[in-house]
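[1] this one's structure only:
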């Protein structure tokens, strides 16, 4: 099996690829697509084959997917990036990669997406059968472009597309946990954020990549216990802002996802079921 991974220098990709490489069987190959060969050097040292090219260059995509059996598309553009670039990477390049994969005979395509595509809450944990609804405090170009990419990729006849919807990802030195206070400082004290440790995101992606078949293309990946705005401050050793107790949560189920499907169908069990457990294990 030859697997191509994109987005390998981002927070998720740089932690996923070593785990994928560590689980290779004899004869299996991992390719990583990078724009700069120097940034791919750490993966080459672990045994990956480096392919230099830009995700937005369709000629480069054709070369990258030649002879590949599966693709894991982790590449994403979001915070602090102009909207046109967000759309160019998250939708246009993802769909172009899917088409190139289909034309090259790739059998399986794992698309990394986000739970933010659900939009507003439903008064219960969000399931994979819920439609995407624009709206909610965290809606914008990033989830909108990811939702559009999902729709177009799933419409490619003949390609086994599997969508992983991720929560707020943290752990192993990722600065996201500290960055969460950008938003949590303005939330109600009980407003919750659903999270997932990098080890568990990688676990979920590996299960989607290697499963012979899946029941429906979309799978949520997350931990067992969303954390509140107060807890995010505690985890970061920060004081709870004055006046937070006077705020109310406008959508208590925003971004809270059910993981029943991936648990039941693919045997997923979080290694770090809560961020507190990850803290106690020294995995933050």
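    Cool, got the structure. Keep in mind that this is a model prediction, so the values were computed, not measured.
[2] does residue 50 sit in a helix, a strand or a coil?
    The three-state label given to residue 50 by DSSP: H, G, I helix; E, B strand; the rest coil is strand.
[3] tell me how far the closest residue to it other than its chain neighbours lies from residue 55.
    The shortest distance from residue 50 to any non-neighbouring residue, by Cβ to Cβ, 6 or more residues apart in numbering, is to residue 40 (4.0 Å). Bear in mind the C-beta positions are built from the backbone N, C-alpha and C, glycine included. Distance, residue 40 to residue 55, by Cβ to Cβ, to the nearest Å: 14 Å.
[4] can you check residue 30 too?
    Residue 30 is 17 Å from residue 55, by Cβ to Cβ.
[5] go on, residue 223?
    Residue 223 is 29 Å from residue 55, by Cβ to Cβ.
[6] by contact count, what packs against the helix or strand harbouring residue 146?
    Residue 146 belongs to helix 141-154 when assigned by DSSP states H and E. Here helix 141-154 touches helix 83-87, helix 94-104, strand 108-114, strand 160-166, going by 3 or more Cβ pairs under 8 Å, 6 or more residues apart in numbering; DSSP states H and E.
[7] pick the most buried one from those.
    strand 108-114 (a mean of 25; mean count of other Cβ atoms under 10 Å).
[8] neighbouring strands of that strand in the sheet, and parallel or not?
    Under the criterion DSSP bridges, strand 108-114 sits next to strand 70-73 (parallel), strand 160-166 (parallel) in its sheet.
[9] format these as CSV; extra columns: distance to residue 153 and mean pLDDT.
    Formatted as CSV, these follow (distance: least, Cβ to Cβ, whole Å; pLDDT from 0 to 100):
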stretch, distance to residue 153, mean pLDDT
strand 70-73, 9, 98
strand 160-166, 5, 98
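[10] how about these in a markdown table, adding distance to residue 137?
    Converted to a markdown table, the strands paired with strand 108-114 look like this (distance: least, Cβ to Cβ, whole Å):
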| stretch | distance to residue 137 |
| --- | --- |
| strand 70-73 | 27 |
| strand 160-166 | 18 |
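[11] figure out which of these is closest to residue 270.
    strand 160-166 (13.0 Å; Cβ to Cβ).
[12] neighbouring strands - and their directions - for the next helix-or-strand element following the closest one?
    Using DSSP H and E, the next helix or strand after strand 160-166 towards the C-terminus is strand 168-170. As defined by DSSP bridges, the strand partners of strand 168-170 come to strand 195-197 (parallel).
[13] quick one: mean pLDDT for the strand it pairs with?
    Averaging pLDDT along strand 195-197 yields 98.
[14] what's in contact with that strand?
    166-172, 204, 221-223, 226-227, 270-272, 275, 278, 283 (Cβ atoms under 8 Å, 6 or more residues apart in numbering).
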